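> Take this sequence and fold it.
(one chain, ligands or ions: 2)
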Amino acid sequence: MDDIEPPFQETYPSLFENPSGKLAREERFGMDDDEEYCELPLIDLSRLDFSRDGSSNFQGDFDECIKEMGKAASEWGFFEVVNHGIPHKVLNNMRYEQKKLFHQPFCKKAEENFMNLSANSYRWGNPTATCLRQFSWSEAFQIPLSDISRLDECNRTRSSIGLFATKAASLAQRLAEYLAQHLGAKSSYFRDYCPPSSSYLRMNRYPACPLSFEVYGLMPHTDSDFLTILYQDQVGGLQLRKDGRWLSVKPNPQLLIINIGDLFQALSNGAYKSIEHRVITHPEVERFSVAYFYCPSYEAAIESFSKRAVYRKFSFKEYRQQVKEDVLTTGEKVGLSRFLL
Ligand SMILES: O=C(O)CCC(=O)C(=O)O
Ligand SMILES: [Fe+2]
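Ligands and ions are numbered 1, 2, ... in the order given. Purely as a prediction, here's the structure:
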C-alpha cells in the first residue's frame, strides 16, 4: 500500500537533521511540569430554542444563555457548546469521510486535481519554515463552501461534508447574531455580509509524530474570521493561551468548541477576544479535527460597533492581504494590531 503520510522529514532534511532546541517542557505545557488542563465554559444551547419538544423555554433561560456566551467570549475567547443542533450522525459521517480522504496515498492527496478541489486546497507542513518551531506536523484540506458542490469523490463524501457545512453555517450565524445582540449591536450585519459561500472548512489531520517534543501540530495562531466552530476527536492536543500560560483543552467529541476570531474582536472593539491557540502532536496516535471558519465576503467592511473605535475600518480583503504579506516578509502573522488606530 502506498504511504499516506506526507514526507515531512524527507522533504525538509535540514530542518530535522539537527533539531535545534526542543520545545521546552514548560513551553509545551506551561510553567508547571505537568500538562495543565482548563475547564472551558460549557454552554447549553437548548435554552436558545423556544419550540423544542413543543415546549417553550423561559425568556430568563434564553437571556442567561446569551449572557454566558458573551461572558465566555470576553473572558476566554473560547467556549464549548452542547445541544448545538448538529446531529451526532452528521458529525460521525463527517469524521468518517474525513478519515477516508486523509487515508488515501499522499501522492493522490497532493495531486492538483484531487477530488476536483481548487488548487492549493491540500497543504501540509510549512514550506517556508526556517526552523522546527515554525513547522506544523499536520496536513489539511481547506475547502471553501462554494467548492463543496463540485467535489467529485463519491456522492456520499460530498453529501456528508455538505451537510456538516450547512449545519455549521446556520449555527455560526445564530451564535454571531446573539453575540452581537449581547453587545447591543445590530445583528443583521451577519445576514447581509456573511453569505455561506464566503466561509470555509478546514479538515485537519495530525499524524503521530516521532518528534512530538520538537514540533507543533499547528503553530500558535489566531483565526482570521468572525468565529470558528471546531469538532475534534478524542485524542487531544489543542492548547490555548490564557494570561500568559498555555492550557490544554480536554477533548470531548460530544461537544463543539467555539472560538472568537480576529474579525469579531475588531467588530466588538476588543470586547470579545481572539485568543492564540495551537496544537501539540501525539507521539503515537493520529488526531483529526474539522474547523468551520465563519467569514464575510471579501468586500465586507469590518468596523467597530463602538463610537470610540480602537481599530480602523478595514475590508476583509485588506485583512487577508495584510496577513499574507506579513507572513511572507516576517514569517508570522501580525494580525489585528496592524489596524490599531
Ligand atoms: O485542530 C485543532 O484543534 C485546532 C485547529 C485550528 O486551530 C485551525 O485549524 O485553525
Ligand atoms: Fe485555529
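
> does Ile161 really touch Glu97, like I thought?
Yes - using Cβ atoms under 8 Å, Ile161 makes contact with Glu97 at a distance of 6.1 Å. Any C-beta I mention is one placed from the backbone N, CA and C, and that applies to glycine too.

> More neighbours: the two, which one.
Ile161 (26 against 22; other Cβ atoms under 10 Å).

> mind listing what the more buried one touches?
With contact taken as Cβ atoms under 8 Å, 6 or more residues apart in numbering, Ile161 is in contact with Met94, Glu97, Ile143, Ile148, Leu151, Leu201.

> How about the contacts made by the last one?
The one in question is Leu201. Going by Cβ under 8 Å, 6+ apart, the list of residues near Leu201 reads Gln142, Ile143, Leu145, Ile148, Ile161, Phe164, Ala165, Ala168, Val290, Ala291, Tyr292, Phe293.

> Then Lys313?
Contact analysis of Lys313 by Cβ under 8 Å, 6+ apart lists Ala301, Ile302, Glu303, Ser304.

> Looking at the residues you listed, spot the one nearest ligand 1.
Here the nearest of the contacts of Lys313 to ligand 1, counting by Cβ to the nearest ligand atom, is Ile302; it sits at 19.0 Å.

> Now do the same contact list for the closest one.
Shown in contact with Ile302 (Cβ under 8 Å, 6+ apart): Leu263, Ala266, Leu267, Pro296, Tyr311, Lys313, Phe314, Ser315, Phe316, Tyr319.

> could you dump the contacts of Lys313 to CSV with distance to ligand 1, secondary structure and pLDDT?
Output for the contacts of Lys313, formatted as CSV (distance: Cβ to the nearest ligand atom, whole Å; DSSP: H, G, I helix; E, B strand; the rest coil; pLDDT from 0 to 100):
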residue, distance to ligand 1, secondary structure, pLDDT
Ala301, 24, strand, 96
Ile302, 19, strand, 96
Glu303, 25, coil, 94
Ser304, 24, coil, 93
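
> Buried ones among the residues you listed?
Burial by neighbour count, judged by 16 or more other Cβ atoms under 10 Å, picks out Ile302, Glu303, Ser304 from those.

> returning to that earlier point: which one among the contacts of Ile302 gets closest to ligand 1?
Distance to ligand 1 across the contacts of Ile302 (Cβ to the nearest ligand atom) is lowest for Leu263, with 14.0 Å.

> Count the residues that sit near that closest one.
Using other Cβ under 10 Å, Leu263 has 26 other residues around it.

> That one and Phe226 touch, don't they?
Yes - Leu263 lies in contact with Phe226 (Cβ under 8 Å); the separation is 4.7 Å.

> mind listing the strands for the stretch 201-341 of the chain?
Assigned by DSSP state E, counting those that start in this stretch, the stretch 201-341 of the chain shows strands spanning 216-221, 227-232, 238-242, 245-249, 256-260, 277-280, 287-294, 301-302, 314-315.

> and the angle for the second one with strand 287-294?
Following axes from the mean of the first three to the mean of the last three Cα atoms, to 10 degrees, one obtains 160 degrees for the angle between strand 227-232 and strand 287-294.

> So which elements touch strand 227-232?
helix 88-102, helix 155-182, strand 256-260, strand 287-294 (3 or more Cβ pairs under 8 Å, 6 or more residues apart in numbering; DSSP states H and E).

> May I have that strand exported as CSV, CA atoms only?
Output of strand 227-232 as CSV, limited to C-alpha atoms (Å, rounded to 0.1, in the frame of the first residue of the first chain):
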residue,chain,number,x,y,z
LEU,A,227,-15.8,32.8,14.8
THR,A,228,-14.8,29.2,14.4
ILE,A,229,-16.7,26.0,15.1
LEU,A,230,-14.3,23.2,15.9
TYR,A,231,-15.2,19.5,16.0
GLN,A,232,-12.3,17.5,17.4
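
> Give me the sheet partners of that strand and which way each runs.
Using DSSP bridges, strand 227-232 pairs in its sheet with strand 256-260 (antiparallel), strand 287-294 (antiparallel).

> May I ask which helix or strand of the chain has the lowest mean pLDDT?
The helix or strand of the chain with the poorest confidence is helix 25-29; it has a mean of 53 (mean pLDDT, DSSP states H and E).
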